[in-house]
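Colleague: Task: produce atomic coordinates for the following.
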Amino acid sequence: MSKGEETKTRILQQAAELFNQQGYAGSSISDIMRVTGLQKGGIYNHFQSKDELALQAFDFAIACVSKHYRAALRNKRHAVERLQAIIGVFSNFAENPPIPGGCPLLNTAIESDDAHPALRERTQQAMNSWMHLIRRIIETGIEKGEIRPEVNADEIATIITATLEGAIMMSKLYGNSIYMQRAVSHLNQYIDSQF
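Modeller: All right, here's what the predicted structure looks like:
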């Protein structure tokens, strides 16, 4: 990796952490300069605007999250085992998020709701990808006879996603991981009973 690529990656990592903790709107270019140790010109040498940096920093954060899922799924073959692995990875995010500040998908979805259409669209794409992963695991499980054929993959993907994201929010809000523990316990029981 060239020195320029290393610098760009460092900016993305530090901006991703800053945006995930303070929000895009709550982070000024001065804040970005402070965390990166670079002057404005050094940042704009790699990114045309704060908006471009925000989009790439979000992609960087989502890639960090995805690494955890890929690692957890690597040796899992059965659909139920794969779903439980995803839930297990997510359960650690309440206390040990891959990017400081919590779940970047949740944080960005809330912040970009009306204020930043391009970031909102990127967040929707990331959520679609996450939901597609869960749906595909369920659909493959149905094809292999591991999951009952009448199970609705879209419905289960929504329930898993909404429960885990809600548990992250509550755990963060109250500073107590009991909400995530309860959600994980419920989802594992739900999966066992439904499949």
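Colleague: Please pull out the lowest mean pLDDT helix or strand from this structure.
Modeller: The helix or strand of the chain with the lowest confidence, counting by mean pLDDT, DSSP states H and E, is helix 104-115 at a mean of 84.
Colleague: what's that one packed up against?
Modeller: helix 3-22, helix 50-73, helix 117-143, helix 153-174 (3 or more C-beta pairs under 8 Å, 6 or more residues apart in numbering; DSSP states H and E). C-betas here are computed from N, CA, C, even on glycine.
Colleague: tilt between the longest one and helix 153-174?
Modeller: This means helix 117-143. Relative orientation of helix 117-143 and helix 153-174, computed by axes from the mean of the first three to the mean of the last three C-alpha atoms, to 10 degrees: 130 degrees.
Colleague: elements contacting helix 117-143?
Modeller: In this structure, helix 117-143 packs against helix 50-73, helix 79-93, helix 104-115, helix 153-174, with contacts taken as 3+ C-beta pairs under 8 Å, 6+ apart.
Colleague: Provide a list of residues in contact with residue 56.
Modeller: Residue 56 makes contacts with 12, 47, as judged by C-beta atoms under 8 Å, 6 or more residues apart in numbering.
Colleague: I'd like to know how far it sits from residue 13.
Modeller: Residue 56 is 11 Å from residue 13, where distance means C-beta to C-beta, to the nearest Å.
Colleague: Could you verify my assumption that residue 59 touches residue 123?
Modeller: No. Residue 59 lies out of contact with residue 123 (C-beta atoms under 8 Å); the separation is 10.6 Å.
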